[in-house]
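In: missing the sequence, but the structure's below:
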Ligand SMILES: Cc1ncc(C[n+]2csc(CCOP(=O)(O)OP(=O)(O)O)c2C)c(N)n1
Ligand code: SF4
Ligand code: SF4
Ligand code: SF4
Ligand SMILES: [Mg+2]
């Protein structure tokens, strides 16, 4: 496992994910992927589900990947990576000289649409079968590559083209699916949340390093603020990540062996959710008098979940 | 399998089983013409970040948060014999001008600032704010 302690040292890593891709300026996908692939010195095989990341990093005839990379469908990044892993294991067993001194690791990336929704069955199956891989969900809370349709990750109150705000609507009405807990319930040896916040680069890189070196299926749910569809200025991506953590809208935690929960960051002063919501155009309608109650509901739910995490950590069960 | 030399570069002439290798020379890490590292997105920019080496403390925040892998680093050894990354420049072919690096730069007077694309870097450095006009 790569030892990641200081940023000064981590920054000596030769980049394995290159610029020249066509993600929007300030897109958090690029930040997250760079940290994950730079968090190991092992050889990597990566599969990527269709979505902004795949589309923007493989525009013919260009590739942004310095590691082996395979594009797969929208729904089967996990199936693709488990197939590659199974093949590699089988070939190595059959032929001992097959890549003898290399430690090849397998990583899949999918958007929230490709993970919470359409790719969930292949992820659940791959996890159940116990393949040795890390799956990273780039959670921007909607189908952004096709112009912002809602997904089961879209939070209550958010405007998308299929959960539009209007005279009678306050935006998304269903609560965000708790995929991190669902993955932990599969009994994965390691599951965690992460986001590219200014204080949290090490949290994310260490989690990636740990997940990659853990044997068995591991999962990281990475909140990926989307400047274009969440409607905030591109330079504010890191600040939005920070606010998600400081308001506890997106708490940073990890779960080992399906049950042992650790909260990785506890804000000194938990900020009100307004601080996070008001910085994003997708929530601007919630600040109208008739929608204020939605913000109150969001706050209640955030408080309840935060309390639940703290108690569960304390109980150590 | 098609090799790079035989590769066609229009999508309708792509051959089955074609591989786009990221490296021309993998051992020496020489990236190929298929690597987006050799593509240019400079024309996406309206403003560019300018780097002021004199103020930089090499915290490397800009390196880790740049979504476009723009920061060029040089590995140096510090006084305690530990390796560390020194920022030496910005790859302007890859920079889209998002401004994230300027936001995360922690020095009291920023070591990175956005300037119009048309201002020469030397000129930008001359216009850099001084201590006195920091708070305005
Ligand atoms: C089976 C299938 N249905 C629909 C599409 C069209 N499609 C491409 S990307 C995308 C949305 C991706 O959303 P998400 O997984 O959240 O990734 P994001 O772009 O938000 O990062 C859709 C619907 C597809 N490629 N395949
Ligand atoms: S739409 Fe959002 S997720 Fe997609 S490239 Fe743009 S900023 Fe990134
Ligand atoms: S402006 Fe954006 S793309 Fe350009 S160097 Fe700074 S962070 Fe990277
Ligand atoms: S963020 Fe600022 S101080 Fe830190 S390395 Fe970059 S330019 Fe230097
Ligand atoms: Mg998405």
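Out: Here it is on my side, so go on. Only a predicted model underlies this, so the values are computations on that prediction, with no experimental measurement involved. Ligands and ions are numbered 1, 2, ... in the order given.
In: Find the closest residue to ligand 4 in the stretch 201-317 of chain A.
Out: residue A:238 (11.3 Å; CB to the nearest ligand atom). Yep, even glycine has a C-beta here, placed from its N, CA and C like the rest.
In: pLDDT score assigned to that residue?
Out: What the model reports as pLDDT for residue A:238 is 98.
In: same deal with the one 10 residues further on?
Out: According to the predicted model, the pLDDT of residue A:248 comes to 98.
In: Near ligand 1, which residues of chain A? Just list them.
Out: A:50-53, A:74-75, A:111-114, A:138, A:140, A:143-146, A:151 (CB under 6 Å from any ligand atom).
In: which residue ranges form the strands in the chain?
Out: Here I'm looking at chain A. A:43-48, A:68-71, A:104-111, A:134-139, A:190-194, A:218-223, A:253-256, A:260-263 (DSSP state E).
In: Oops, wrong one, chain B.
Out: Counting by DSSP E, the strands of chain B are B:23-25, B:30-31, B:47-51, B:71-77, B:83-90, B:112-116.
In: quick one, what contacts residue 23?
Out: Looking at chain A here, since you left the chain open. A:29-30, A:52-53, A:56-57, B:67-68 (CB atoms under 8 Å, 6 or more residues apart in numbering or on different chains).
In: um, chain B though
Out: By CB under 8 Å, 6+ apart, the neighbours of residue B:23 are A:66, B:29-32, B:35.
In: let's see 6 Å
Out: Residue B:23 is in contact with B:31-32, counting by CB atoms under 6 Å, 6 or more residues apart in numbering or on different chains.
In: what's across from it in the sheet?
Out: Counting by DSSP bridges, residue B:23 is bridged to residue B:31.
In: State the distance from it to residue A:68.
Out: Using CB to CB, to the nearest Å, residue B:23 is found at 12 Å from residue A:68.
In: hey, which of the strands of chain A is tucked in deepest?
Out: Counting by mean count of other CB atoms under 10 Å in any protein chain shown, strand A:134-139 has the highest mean neighbour count of those, with a mean of 29.
In: on contacts alone, who are the packing partners of that strand?
Out: strand A:104-111, strand A:218-223 (3 or more CB pairs under 6 Å, 6 or more residues apart in numbering or on different chains; DSSP states H and E).
In: which residues sit against it?
Out: Under CB under 6 Å, 6+ apart, the answer for strand A:134-139 is A:29, A:36, A:78, A:107-112, A:115, A:153, A:211-212, A:218-224.
In: From the chain's centroid, how far away is it?
Out: Put simply, strand A:134-139 sits 4 Å off its chain's centre (CA atoms, centre = their mean, to the nearest Å).
In: Please apply the same query to stretch A:159-167.
Out: 24 Å.
In: residues of it that come out buried?
Out: For stretch A:159-167, burial by neighbour count (16 or more other CB atoms under 10 Å in any protein chain shown) applies to A:159-160, A:163, A:165.
In: show me where the stretch 1-150 of chain A has helices.
Out: A:7-10, A:28-38, A:52-57, A:77-94, A:120-129 (DSSP state H, counting those that start in this stretch).
In: packing partners for the last one?
Out: Using 3+ CB pairs under 6 Å, 6+ apart as the contact criterion, the elements in contact with helix A:120-129 are helix A:77-94.
In: Could you tell me how far the least confident helix or strand in chain B by mean pLDDT lies from the centre of the chain?
Out: The least trusted helix or strand in chain B, going by mean pLDDT, DSSP states H and E, turns out to be strand B:23-25, with a mean of 93. Strand B:23-25 sits 21 Å away from the centroid of its parent chain (CA atoms, centre = their mean).
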